[in-house]
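Trainee: Everything below, folded, please.
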Amino acid sequence: MSIIIDPIQLGSPDLQIVASRMRDTLIDVLGEEVGESMHSLEWLYDRAVSHIDGRLLGAIYIARVGPESQNVGHIIVRQEEDERGQFGLVTTAYVLPEMRRKGIASTLLGVAHTWFLSRRLFRTATDTAENNHPLIALYGRHGYEVIFHSKEKQMVRLSRELLSTE
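Mentor: Residues are numbered from 1 along each chain as shown. Reported below is the predicted structural model:
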């Protein structure tokens, strides 16, 4: 299976798909009641756009497969800063359920790492619910470790160092 990765540009119809799938991610991880009520689709759309319109230093990449170039997933990345300095944050990674376990998420994560390294961000992280075992396992296979656990929010932060030669 050939996976094509494209960056999203402003005005792309894929932005609506990304916003909808951001909601799907919240529902998958937090449950229907919490996931649907957390953010409106308009807010999620604006949040996605903020990664490519200059409000945030970020990017969105779409994974496409098949002869029709079906949009099967995305990854949203941005530059962040904490007490240790600048780092790359994966804010959302999503692959259609029927397309999971085919290397698409790993390919998207590799693109994210390339984006981070192109900006000399040698540390990367992502946050997820502590019960999101599939995502924690995926990132673990790519060298990420749990570095922070918030019991009251039931969240974990996964992180790893990137080598400039990756």
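
Trainee: And for this protein, the residue most distant from the center?
Mentor: residue 67 (24.9 Å; Cα atoms, centre = their mean).

Trainee: where's that residue relative to residue 4, distance?
Mentor: Between residue 67 and residue 4 the distance is 11 Å, computed by Cβ to Cβ, to the nearest Å. For glycine as for every other residue, the C-beta is placed from the backbone atoms N, C-alpha and C.

Trainee: Which is the succeeding secondary structure element to the lengthiest helix in the chain?
Mentor: In the chain, taking DSSP state H as the definition, the longest helix is helix 14-30. Counting by DSSP states H and E, the element after helix 14-30 in chain order, helix or strand, is helix 32-38.

Trainee: okay, the angle between the helix or strand following that next one and helix 14-30?
Mentor: Next helix or strand after helix 32-38 toward the C-terminus (DSSP H and E): helix 41-50. If you take axes from the mean of the first three to the mean of the last three Cα atoms, to 10 degrees, helix 41-50 sits at 110 degrees to helix 14-30.

Trainee: how about helix 41-50: buried residues?
Mentor: By neighbour count on 16 or more other Cβ atoms under 10 Å, the buried set for helix 41-50 is 44, 45, 47, 48, 49.

Trainee: I'd like the average pLDDT over stretch 56-74.
Mentor: Mean per-residue pLDDT for stretch 56-74: 94.

Trainee: Could you pull out the buried residues of it?
Mentor: Neighbour-count burial for stretch 56-74 [16+ other Cβ under 10 Å]: 56, 58-65, 71-74.
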